[in-house]
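K.L.:
pasting the sequence and the predicted model now:
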Amino acid sequence: MKKTLKIVLAIVLSLLIVLLIDTIQAKAFNNSPFLKVTENHNGGTLYKIDKGIIVDTYTCTNGDKKTIFKWEKYNCPNNNENENSNGNNQIKEITWEEITEDGVNEELLFNNVDKEVLFKVSTELQTLVDEAEKEERENPEILITKGWARVLEYDRFKEVLDIGTQAMKPLYLIIYKSPNRGEYEYLCAYALYKISGYDFFWATTDEFIEKFNKQILEERELKM
């Protein structure tokens, strides 16, 4: 009986130690807890909540992340659009140090991409392409009556747009590294185009990347 009690106490103590370490690392470094359940949110300023046992980590659509104790309250700021002194709205600036005059620093780009957002974006858009192709096989006339551009109004595409600036580098990485130039890559390019707020003409994914890089470099030059 005493031996069983000691084993139970040892297990409980080990679990408490793990929980304590997990809570400390999450709070100290503003990380998500390892012991968690992720609750995804679509739209608004909140992207997801990683719910731990003692702490929760809020990830906002503008890229902000905040780890708080469960008894605390937190609301994501509406920073995708910041008011300037004239009262106009501007998209929160995102730096593109990965894009240089000599080309793209692929290692830096990969390191700067949020892998969870990358998974979310790639999954949503690839699923959207698969669903659209299935829809066209079952109803070929839909390409005539509604056209391919109908997918831009579907919820999956809008969910990617709702992620905001945090989705920009994942989208760029997908386009830049993909060996293909199909509907999936085009959707990624169009999503990045919409989120960036840029206004230039492009027809192909390669043309988009070329003009997007040029835009980044020109803006950087103006700031110097």
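P.N.:
Yes, it's here.
K.L.:
output the one helix or strand residue 216 maps to as CSV, restricted to C-alpha atoms.
P.N.:
Element membership of residue 216, judged by DSSP states H and E, is helix 205-223. C-alpha atoms of helix 205-223 as CSV (Å, rounded to 0.1, in the frame of the first residue of the first chain):
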residue,chain,number,x,y,z
THR,A,205,2.9,34.0,-60.8
ASP,A,206,6.4,34.7,-62.0
GLU,A,207,5.5,38.2,-63.1
PHE,A,208,3.9,38.8,-59.7
ILE,A,209,7.0,37.7,-57.8
GLU,A,210,9.2,39.9,-60.1
LYS,A,211,7.0,43.0,-59.6
PHE,A,212,6.4,42.4,-55.9
ASN,A,213,10.2,42.2,-55.3
LYS,A,214,10.7,45.4,-57.4
GLN,A,215,8.0,47.2,-55.3
ILE,A,216,9.7,46.2,-52.0
LEU,A,217,13.1,47.4,-53.2
GLU,A,218,11.7,50.7,-54.5
GLU,A,219,10.0,51.4,-51.2
ARG,A,220,13.2,50.6,-49.3
GLU,A,221,15.1,53.0,-51.5
LEU,A,222,12.6,55.8,-50.8
LYS,A,223,13.0,55.4,-47.1
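K.L.:
show me what it packs onto, helices and strands only.
P.N.:
Where contact means 3 or more C-beta pairs under 8 Å, 6 or more residues apart in numbering; DSSP states H and E, helix 205-223 is packed against strand 99-100, helix 168-177, helix 183-196. For glycine as for every other residue, the C-beta is placed from the backbone atoms N, C-alpha and C.
K.L.:
helices or strands up against the first one?
P.N.:
If I follow you right, that is strand 99-100. By 3+ C-beta pairs under 8 Å, 6+ apart, strand 99-100 packs against helix 205-223.
K.L.:
try 10 Å this time
P.N.:
Contact here means 3 or more C-beta pairs under 10 Å, 6 or more residues apart in numbering; DSSP states H and E; on that basis strand 99-100 packs against helix 106-112, helix 205-223.
K.L.:
now those as CSV including mean pLDDT?
P.N.:
Below are these laid out as CSV (pLDDT from 0 to 100):
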stretch, mean pLDDT
helix 106-112, 92
helix 205-223, 91
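K.L.:
for residue 140, find the nearest of the ones you listed.
P.N.:
Taking C-beta to C-beta, helix 205-223 is the member of the helices and strands packed on strand 99-100 nearest to residue 140, at 25.3 Å.
K.L.:
now the angle between helix 168-177 and that closest one, please.
P.N.:
Here the directions of helix 205-223 and helix 168-177 differ by 130 degrees (axes from the mean of the first three to the mean of the last three C-alpha atoms, to 10 degrees).
K.L.:
report the buried residues of helix 205-223.
P.N.:
Under the neighbour-count criterion of 16 or more other C-beta atoms under 10 Å, helix 205-223 has 205, 208-209, 212-213, 215-216 buried.
K.L.:
on that earlier part again, can you add mean neighbour count, mean pLDDT and distance to residue 48 and give the helices and strands packed on helix 205-223 back as JSON lines?
P.N.:
Below are the helices and strands packed on helix 205-223 laid out as JSON lines (neighbours: other C-beta atoms under 10 Å; pLDDT from 0 to 100; distance: least, C-beta to C-beta, whole Å):
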{"stretch": "strand 99-100", "mean neighbour count": "18", "mean pLDDT": "93", "distance to residue 48": "28"}
{"stretch": "helix 168-177", "mean neighbour count": "22", "mean pLDDT": "96", "distance to residue 48": "14"}
{"stretch": "helix 183-196", "mean neighbour count": "21", "mean pLDDT": "94", "distance to residue 48": "18"}
